[in-house]
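Colleague: I'll drop the sequence and a predicted model, then ask my questions.
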Amino acid sequence: MARVLVITDDPDFFSLLGYVLQAEGFLVSRAIGPGDIAIDEHVDPAVIILDTSENTLEICRSIVSSNKQPAATIALIRSTSCELVARLLPAGVTICVIRPFGLPRLLDILRRAAGSLGERQHPPSRLRLDRLERTVTWKDRTIRLSPIEFGLFADLHRHYGRVRLRTDLLAAGWSQPGLTVRCVDVHVCRLRRTLAPFGETFIETIRSSGYKLVAPPDN
């Protein structure tokens, strides 16, 4: 069974959500703040659900520094603030879900994330991602990315070697209604130009589908 870590300071919310998730077959645990993230360093959750609060970014940094690598980190937000989303995605959040939300949608996201664990590939060690500094390093050369570029690259990096549909990338990178997948194509093109100094083709286009991240293997 997949393990889900719910980070919230609201016991009533956790009680309700935990009950639903357990009924769906997930193993559920709770953390309240940054100090709880690394208590059990031997247990890595498949998915983290983050109920946003004043110390959300500090919690994101704790997740990154704990070296836990969930398949997804879902932030439950109370507004469609572009500024908030732009800060959360580079900090390691996979997708933002606006409250109030429908449980079927959240469960669908959880199942997709948990189901991807068995087929995960890992990028070569020479390709490194720093979520706090918003940088990508390849063979000890570092390039800083814009917030949108980093959000796209981070999503592709998290799903390394697997095709990400344009609709997946759109959902991961933007919360504004009315945007189309053309927006994804434009920003992927810009991301490729930013990465061009590395001299490698990292983002492969999958015709009529989307994109995937590839890189030469370690020697």
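Modeller: Now that the structure is in, tell me what you want to look at.
Colleague: all contacts plus neighbour counts: C-alpha atoms, from now on.
Modeller: Will do.
Colleague: Quickly list the domain ranges of this structure.
Modeller: Using automatic domain parsing, the domain parsing of the chain gives 3-118, 121-213.
Colleague: Switch these over to CSV; also include mean pLDDT and mean neighbour count.
Modeller: Below are those laid out as CSV (pLDDT from 0 to 100; neighbours: other Cα atoms under 10 Å):
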stretch, mean pLDDT, mean neighbour count
domain 3-118, 76, 17
domain 121-213, 83, 17
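Colleague: For the longest helix seen in the chain, enumerate the helices and strands it packs against.
Modeller: Counting by DSSP state H, the longest helix found in the chain is helix 181-195. On a contact count with 3 or more Cα pairs under 8 Å, 6 or more residues apart in numbering; DSSP states H and E, helix 181-195 meets helix 147-158, helix 166-173.
Colleague: How far does the longest one sit from its chain's centre?
Modeller: What it means is helix 147-158. Distance, stretch centre to chain centre, for helix 147-158: 8 Å (Cα atoms, centre = their mean, to the nearest Å).
Colleague: Show me the contact partners of that helix.
Modeller: 71, 86-87, 89-90, 92, 94, 123, 129, 131, 134-135, 164, 169, 172-173, 187-188, 190-191, 211-213 (Cα atoms under 8 Å, 6 or more residues apart in numbering).
Colleague: gap between the residue most central in space within the chain and Ala23?
Modeller: Nearest to the geometric centre of the chain sits Thr94, at 2.2 Å (Cα atoms, centre = their mean). As judged by Cα to Cα, to the nearest Å, Thr94 and Ala23 stand 24 Å apart.
Colleague: quick one, strands of this structure?
Modeller: Using DSSP state E, the strands of the chain run over 3-7, 27-31, 47-51, 72-77, 95-98, 127-130, 135-138, 141-144, 164-165, 203-206, 210-213.
Colleague: Direction included, what does the longest one pair up with?
Modeller: Right, the one you point to is strand 72-77. According to DSSP bridges, strand 72-77 has the following sheet partners: strand 47-51 (parallel), strand 95-98 (parallel).
Colleague: can you give me how far the last one is from the chain middle?
Modeller: Strand 95-98 has its C-alpha centroid displaced from the chain centroid by 11 Å (Cα atoms, centre = their mean).
Colleague: out of everything not next to it in sequence, what's closest to Leu191?
Modeller: In this structure, Leu191 finds its nearest non-sequential neighbour in Glu149, 5.6 Å apart by Cα to Cα, 6 or more residues apart in numbering.
Colleague: cool, His122 as well?
Modeller: Per Cα to Cα, 6+ apart, closest to His122 is Tyr160, 6.2 Å.
Colleague: cool, Phe198 as well?
Modeller: Excluding the flanking residues, the one nearest Phe198 by Cα to Cα, 6+ apart is Trp138, at 7.0 Å.
Colleague: re earlier: would you turn the strands of the chain into TSV with distance to Leu156?
Modeller: Converted to TSV, the strands of the chain look like this (distance: least, Cα to Cα, whole Å):
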stretch	distance to Leu156
strand 3-7	22
strand 27-31	27
strand 47-51	17
strand 72-77	12
strand 95-98	13
strand 127-130	11
strand 135-138	12
strand 141-144	16
strand 164-165	7
strand 203-206	8
strand 210-213	6
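Colleague: Nearest to Arg182, out of those strands?
Modeller: Nearest to Arg182 among the strands of the chain is strand 210-213; the distance by Cα to Cα comes to 11.1 Å.
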